[in-house]
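J.: model this:
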Amino acid sequence: MRLTPRNFIKPFLWIVFLHLYALAVHGQNAQHLSVPEIHQIVEKHINYSRDSSLKLLEIASKKIEQEQNKKLSELYTAENNLRRADYWSFYNLDSTLTYLDKAFQYYIQNPDEKKLADIYVLKAQVYRELRDKSRCEAFIDSALYYALRYQDQAFLSFVYYEKAITQQFTEKWEESFENAVMAMKYAELSEDSLSLATAYFLMGRTYHHFGLFKSSESNIALAKEYGEGMSQLYTIIHIYADVLLQNKKTDLALISYKEALQIATEKQDTAKAILLCTNIGQILLTQKEYQGAEAYYNQLNKLLKSKQKAGYKTILFLAQMHYHFGDEEQANADLVLFQSKYGSGTVIPRNIDVYKEAADLHIALNHLDQATVYYKKWGILKDSLYSYTSMQQLNALEELYLNERKKNEEITLKNEELDESRQQQAVMAGLLILVILIGSGLAYYIRLKGIRENDKLKFALKEKQMEQLIEAQETERQRLARELHDGIGQSLAALKMQLQFDKNPSATTTTAHRIDSICDEVRSLSHQMMPIVLKENGLESALEQLLDNSFSTSTVEVDFVSFGLKSRLPDHIEVNIYRITQELVSNILKHAHATKVGVQLLKRGKKLMLIVEDNGIGFSLDDKLNGIGLNNINIRLEAMNGSIQIQSTDGTGTFIHISTPLEVTENKVIA
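T.: Numbering: from 1, shown residues only. From the prediction side, this is the model:
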């Protein structure tokens, strides 16, 4: 059962806070705890109370000094260094690296997969802050290697989260999305509140980048609830406010910005407070609430020590306020600073409107040339968001052509190698008569090579036969559908019209009703064999209709999300994915006993992903992997060079991830 924020987090956090508070204020109360117990408390709750965690670590250090056993003392010291590195990662990066190096020296000699993964994650975080992309990526890959060997669901969710954040930092958003899905999967399996908070935050952040603000809002709202009590909760609230503003919920966004500002001020996070003051001030200025905007302008000036370190939104807000005060000279100076720092670069896609705001201010100051530059920059960036998908499609088509040509060249080369192999066999057969020992060894080698080549050819032939069989089946289905509709359906319609003119009203009415029923059945059968909506409107509409028809008479809650399908897919991919979804939905209805079902259809570059999950009773993979349904799915995926990942155990629901490349069209398969 999934733990919800309402029934789990708040009571739990009250207990945690009271416990840590008692330990922090009355350090002597922690004296009865062992060093491992203190470290365990700190590891679990450092994200909720960092100051109390530091006090506990100091108590642990004193206990370690009194430890007589040298091996235990070294073990406890290494763990203490690791926990201190975690603490200092929010305050001092040099101290963090110092403690990490000390811990690493111990654990590399005394391997502990969990601790090594922790160390590499913290190193990745440090070098992310230092803007070192290559080191950051290398360290997070090492962390994932050890985390997969450790196999703890909550910890895996955390490491996949960090990997996704790292890929966002390096602008690899498509790969980041795949790792975000993995983080969410393991978070739900772990039922850990902190893992769920970070996973929902990550999904919301990812959807936010792609401009899917409604999906982003729902995910970050859940992250905010699950993260109640976290020391970095105000970061989640800040992003939540950004999304609310994008969704035109200005009043709610303003409330969240103020809530985040209050927490950031209490924690003395000046950089975050400056950005939040900027956001609030700009909203109030836009709403012409000048008194409120002036108050946040004054608060911003107290926090901002130097404009040179301010972000582009802050500099622009200062320029807008100076223009509001009538100080055009200072407004011009601010715009010059904005131009020198950010005018020649670019901003992230969701903030490109900052160029329009700069252009509007230049218009107000009668700087028509500079306003034109910013309007043009704003327009080009907006247009690029729409042309990006088309460019990707063109690149995909080009790669498809190159891949097809490469495969044809490989087939030709293999045929030449096979001919050469047969010639070598004939030559070596003659040499066997002269040199028995050497010839027998060479003949065995050539014969073995020939067998391998023949096996490859047989496998290729088998694949071809399978594809032709599947295509023939679908062609026959289409023919039967046409026959049912154009033949039997039309004949029954004619019979109905004839009976309507029968002189016996009673017989005519009864027979007409029966024929209506038969016509409906024929039409339903025809649509099931080849859905019209799939042929006419494409895969997305067909899946929506399939889900509506399948669950319309049940109480199951269905959530369908589609992203990236700007145009029709190849026929064989649409039909195969539709049939696979049909099989999975049928299995859910027959066996899962689920109350919630989620289906996602996502196009990411050259891949099409289908994700189907439910909260039903699950199943044992050992019992079902050889079933007819999964075998049919595997046959269809093999025809498309696709893959499937299944995560399910008895009582935990089912998660199925299907991926297929979009460039494979050498054999058109409709199955």
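J.: CA only for contacts and neighbour counts going forward, please
T.: Noted.
J.: so Leu610 sits in a strand?
T.: Yes. Assignment of Leu610 by DSSP: H, G, I helix; E, B strand; the rest coil places it within a strand.
J.: which residues does it contact?
T.: Ile577, Val599, Gln600, Leu601, Leu602, His657, Ile658, Ser659 (C-alpha atoms under 8 Å, 6 or more residues apart in numbering).
J.: for the stretch 201-350 of the chain, give me the ranges with low pLDDT.
T.: 211, 229-231, 308, 342-350 (pLDDT under 70).
J.: let me have the contacts of Leu610 in TSV, adding distance to Asp112, pLDDT and neighbour count as columns.
T.: TSV is the format used below for the contacts of Leu610 (distance: C-alpha to C-alpha, whole Å; pLDDT from 0 to 100; neighbours: other C-alpha atoms under 10 Å):
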residue	distance to Asp112	pLDDT	neighbour count
Ile577	43	91	25
Val599	39	94	21
Gln600	38	93	16
Leu601	39	93	21
Leu602	38	90	17
His657	31	93	16
Ile658	34	94	18
Ser659	34	93	20
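J.: show me the residues you listed that map onto helices.
T.: Ile577 (DSSP state H).
J.: widest-spaced pair of the contacts of Leu610?
T.: Largest separation among these by C-alpha to C-alpha: Val599 and Ser659, giving 13.6 Å.
J.: quick one, phi psi at the residue nearest the centre of the chain?
T.: Centroid-nearest residue in the chain: Phe177, 2.8 Å away (criterion: C-alpha atoms, centre = their mean). When read as degrees, to the nearest 10, the backbone of Phe177 gives phi -60, psi -40.
J.: okay but it is in contact with Ala164, surely?
T.: Yes. Using C-alpha atoms under 8 Å, Phe177 is in contact with Ala164, at 7.0 Å.
J.: would you mind pulling up the elements that the host helix or strand of Thr166 packs against?
T.: Taking DSSP states H and E as the criterion, Thr166 maps to helix 153-169. With contacts taken as 3 or more C-alpha pairs under 8 Å, 6 or more residues apart in numbering; DSSP states H and E, helix 153-169 sits against helix 113-129, helix 133-150, helix 173-190, helix 193-209.
J.: can I get these in JSON lines with distance to Gln320?
T.: As requested, the helices and strands packed on helix 153-169 are exported to JSON lines (distance: least, C-alpha to C-alpha, whole Å):
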{"stretch": "helix 113-129", "distance to Gln320": "31"}
{"stretch": "helix 133-150", "distance to Gln320": "35"}
{"stretch": "helix 173-190", "distance to Gln320": "33"}
{"stretch": "helix 193-209", "distance to Gln320": "27"}
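J.: for Ala85, which residues are in contact?
T.: Ser95, Thr96, Leu97, Thr98, Tyr99, Leu100, Leu122.
J.: look at Asp383 and report its pLDDT.
T.: pLDDT recorded at Asp383 is 61.
J.: to clarify, my last question referred to Gln153.
T.: So Gln153 comes in at 90 (pLDDT).
J.: how much space separates it from Glu188?
T.: 9 Å (C-alpha to C-alpha, to the nearest Å).
J.: the inter-axis angle of the helix holding Thr166 versus helix 193-209?
T.: 20 degrees (axes from the mean of the first three to the mean of the last three C-alpha atoms, to 10 degrees).
J.: please enumerate residues in contact with helix 153-169?
T.: 121, 124, 128, 133, 136-137, 140-141, 143-144, 147-148, 173, 175-177, 179-180, 182-187, 189-192, 195, 198-199, 202.
J.: if we go to 6 Å?
T.: Ile140, Ala147, Ser176, Asn179, Ala180, Ala183, Tyr186, Ala187, Ser190 (C-alpha atoms under 6 Å, 6 or more residues apart in numbering).
J.: list the residues that contact the fifth one.
T.: Ala180 is in contact with Ala164, counting by C-alpha under 6 Å, 6+ apart.
J.: pLDDT score for it?
T.: 87.
J.: next: the last one.
T.: What the model reports for Ser190 is a pLDDT of 86.
J.: burial measure for it, as a count.
T.: Close neighbours of Ser190, defined as other C-alpha atoms under 10 Å, add up to 19.
J.: swap in the fourth one?
T.: Asn179 has 23 neighbouring residues, counting by other C-alpha under 10 Å.
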